[in-house]
Every structure is written in C-alpha cells, then in structure tokens.
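Q: Okay, sequence plus prediction incoming.
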Amino acid sequence: MFQKNISLKPYNTFGINAYAKSFVMVNSIHQLQEIIDKHKDVFILSGGSNILITNNISIPVIHLDLKGKFVTEKEDQNLVYVKALAGENWHEFVLWTLENNFGGLENLSLIPGNVGTSPMQNIGAYGVEIKDVFYELEALEISTGKIKIFKKDKCKFGYRESVFKNIHKGKFIITSVTFQLTKENHQLNTNYGAIQTELEKHQITEPNIIDVSNAIIAIRKSKLPDPKDIGNSGSFFKNPVISVDQFKDLEKEYPKMPYYKISDSLIKIPAGWLIEQCGFKGKRFGEAGVHKNQALVLVNYGDATGKEILDLAKKILQTVSNKFGIDLEIEVNII
Ligand code: EPU
C-alpha cells in the first residue's frame, strides 16, 4: 500500500522536489481510518497549494484523493447545501456549482488547491471568504479514528485562519466540506475595484454569477502565476494589520501607501506594496524569486529547494521590518 521514496514535486504547487520516505494515495474514508489506526504521526497532503516543503518527510505521507460532489437533501427557501469530498479540485468544484446556477463561490474562482484544505486558512479573494458560504465540514479525528462534524462557529474562521491551523493543527483530517449556496437572487459581490473595471471592459452592466467568475479568472490570470507554468503557493505572506498611530506615522513618509480600514483602531496594509517598495518585485535570486506582477507571491523558477525559497522569504521579512517597522507574517505552512 505504501510506496517508498516518492518525489513530492507533483504534489505541491511550489514544485519543490522533496521526498517522502513512505507515501500512500487514499481514496476512501475506510482506507484512511485503517491507516490512522496504525499510524498516528502522519503528514496529510491534499492539494499541496499552501505548503513549502523545506525537508524530506520521514513520517508517512497520506495523499488525500477522496472524490465526490453532490447536492444534499437539506434545502431552505433560497439555499441549497452542496457537499464535496476533500480531494475534489477547488476550481473544478466552483465551476460545477456555477454550471448548476448555485451562487456564492464565483469570487473564489481559480484558487489553486483542493476542497478539503479550503477551510484550513479560510481561503479568500476579491471580497469573499469561505466563511461567508460555509455550512459545515466533516473531519476524522486522528486520536480516535472517528468522524466529527464542525459547524461554522466551531471552526473559528479569521483572516486566513481557522482552528485547523492552530489549536487543532495536526489533530484532524478534513474529509468533506458542505457549502450553503443561493438558488436564485444571488448576492453578487462586485465591489472589489478590479471586478467592476473588468466587467466594464466587456460592457457587462448586469452581471450574473458566471460573468463575475469570468472577471475574477481574468484578473487572477493577469496578476497571479499559474502553478502549472511556474511553481508558487499564492500569497506567501499575510497582509499585516497595524495600529492607526503607526499608520499615521508611516503615511507622513509614504502618502501613496494603500490601506484598508479594519476598525477605528486598526488598518490593514497590502504586504505586496511593502515588498515592492523594498525593491523585490520581479527579482530573481538563483532558482527562487518574487513574482513580477504581484510581490506577495514567491516563485520557484524550476529547481529551487524549499530552503532557498525560505531564505528569500526571511530576507524579505528582514528588509520590510527594517524599512517600515512592520513584521510580516508567513501565510504558507512551512514543513
Ligand atoms: N500591490 C502593490 N504591489 C504588488 C502587489 C500589490 O503595490 O506587488 C498593491 C496593489 O496595487 C493594491 C493592493 O496592493 O493597491 C492590493 O493588491 P491585490 O488586490 O492584488 O490584493 P492583495 O491584498 O495583495 C489579497 C490576497 C490574495 C487575493 C487578493 C484579491 C492576502 C494575503 N492575499 O492580495 O490572495 O487574491 O487579495 O482578493 O490576503 C492568496 O491568498 O494566495 C491570494 C492570492
């Protein structure tokens, strides 16, 4: 069942050529339970779209390949409940919901990765986060081998955060996620600047969910590198949140600095802007680099090791800290 010394390059979107000492592809919950019965210390690999592997992995690697998506029996007036197993490709799942005219996931089009990992960091883009459409998930508890249900409040979703990234880290394996989507009167979210501009480009004044999805796809393609072409893991850092006082001091020196007000006392600054100001955008350091269109994304030109990418990340952290007095936080899981 387990294969020995397998390269993980095809299984992580950064394209890092690290090795798993033992590796197994799992396509049923029953098989997963059998493995978990014997091995408690395992590494779960799903879409591999939010990890940077900096070492070979000596504990068993389980590649979750649980497939299936369907409309559940639960239904409310304007809501439909759609369930997908963890190994479903995220974007294919989004397209399937749109083909069925279910609204809610259109702004999350083209995000790399699988359904099972989407709640881990509460994926978000263009004004929408998973938590806005999430209903519940099922997860296998490693210590007991039992399936537990997590409703939304139990997941404690925050900006790129959930319990599965902190207090429950390594304790649960998400096996399926159920979303609550609209059947009609979809609540479109087109406020994010670039969406309007993209729709106007195509003279669309009354967009439907497919139009919004197409606009998002076009924006993402223009800014973010496709892991098929160049290894990456999306945003490598989180956008930092600073105090209004710190913001006012910085604004005097950098009046063009973009920002989003979070509350009366907190301001979010785009990390991509900070990194660009430090001169990193589009720069290459050996096999590692900073993407030319979005400085928040680190890239692997082909043969970078995880350590090379991490060294570049550390250089960026240090430079941003020295220039702006802001300590960026890494968003990707470092293995
Ligand atoms: N900016 C720069 N230079 C750059 C990049 C951005 O000056 O190199 C400025 C832009 O001009 C703009 C602002 O920063 O004023 C925001 O840029 P953008 O709209 O590209 O969004 P972001 O804040 O950099 C976040 C998410 C992305 C998500 C976009 C759109 C995080 C960590 N990242 O990026 O998520 O696609 O918003 O919603 O919150 C991901 O998580 O992997 C990811 C790609």
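A: That came through fine. Numbering: from 1, shown residues only.

Q: mind giving me the domain ranges of the protein?
A: 3-64, 69-182, 231-334 (automatic domain parsing).

Q: would JSON lines of the ones you listed with mean pLDDT, mean neighbour count and distance to the ligand be doable?
A: Yep, even glycine has a C-beta here, placed from its N, CA and C like the rest. Shown next, in JSON lines, are the domains of the chain (pLDDT from 0 to 100; neighbours: other CB atoms under 10 Å; distance: least, CB to the nearest ligand atom, whole Å):
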{"stretch": "domain 3-64", "mean pLDDT": "95", "mean neighbour count": "18", "distance to the ligand": "8"}
{"stretch": "domain 69-182", "mean pLDDT": "95", "mean neighbour count": "19", "distance to the ligand": "4"}
{"stretch": "domain 231-334", "mean pLDDT": "96", "mean neighbour count": "17", "distance to the ligand": "2"}
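
Q: Can I get the ones you listed in CSV including distance to P225?
A: Listed next are the domains of the chain as CSV, based on distance: least, CB to CB, whole Å:
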stretch, distance to P225
domain 3-64, 10
domain 69-182, 10
domain 231-334, 5
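
Q: among these, which is nearest A215?
A: Set against A215 and scored by CB to CB, the domains of the chain come closest in domain 69-182, at 8.8 Å.

Q: Where do the helices of the stretch 151-300 of the chain begin and end?
A: With DSSP state H, counting those that start in this stretch as the criterion, the stretch 151-300 of the chain has helices at 152-155, 193-201, 209-223, 244-253, 271-277.

Q: and the first one, what other elements does it pack with?
A: What that stands for is helix 152-155. strand 134-141 (3 or more CB pairs under 8 Å, 6 or more residues apart in numbering; DSSP states H and E).

Q: what's the strand it packs on in contact with?
A: 29, 32-33, 36, 81, 119, 146-152, 155, 157, 164, 171-180 (CB atoms under 8 Å, 6 or more residues apart in numbering).

Q: how far is stretch 9-29 from where the chain is centred?
A: 18 Å (CA atoms, centre = their mean, to the nearest Å).

Q: okay, how far is it across that stretch, tip to tip?
A: Taking CA to CA, to the nearest Å, stretch 9-29 runs 25 Å from one end to the other.

Q: The stretch 101-250 of the chain: strands as residue ranges?
A: Per DSSP state E, counting those that start in this stretch, the stretch 101-250 of the chain carries strands over the ranges 124-125, 128-129, 134-141, 147-151, 172-182, 231-235, 241-243.

Q: which neighbours does the fourth one have in its sheet, and in what orientation?
A: The partner list of strand 147-151 in its sheet, established with DSSP bridges, is strand 134-141 (antiparallel).

Q: gap between T178 and P112?
A: Using CB to CB, to the nearest Å, T178 is found at 21 Å from P112.

Q: what pLDDT does Y192 get?
A: On pLDDT, Y192 comes in at 85.

Q: residue contacts, it?
A: N107, Y126, G127.

Q: Let's see that with 10 Å instead.
A: N107, A125, Y126, G127, V128, E198, A215, I216, I219 (CB atoms under 10 Å, 6 or more residues apart in numbering).
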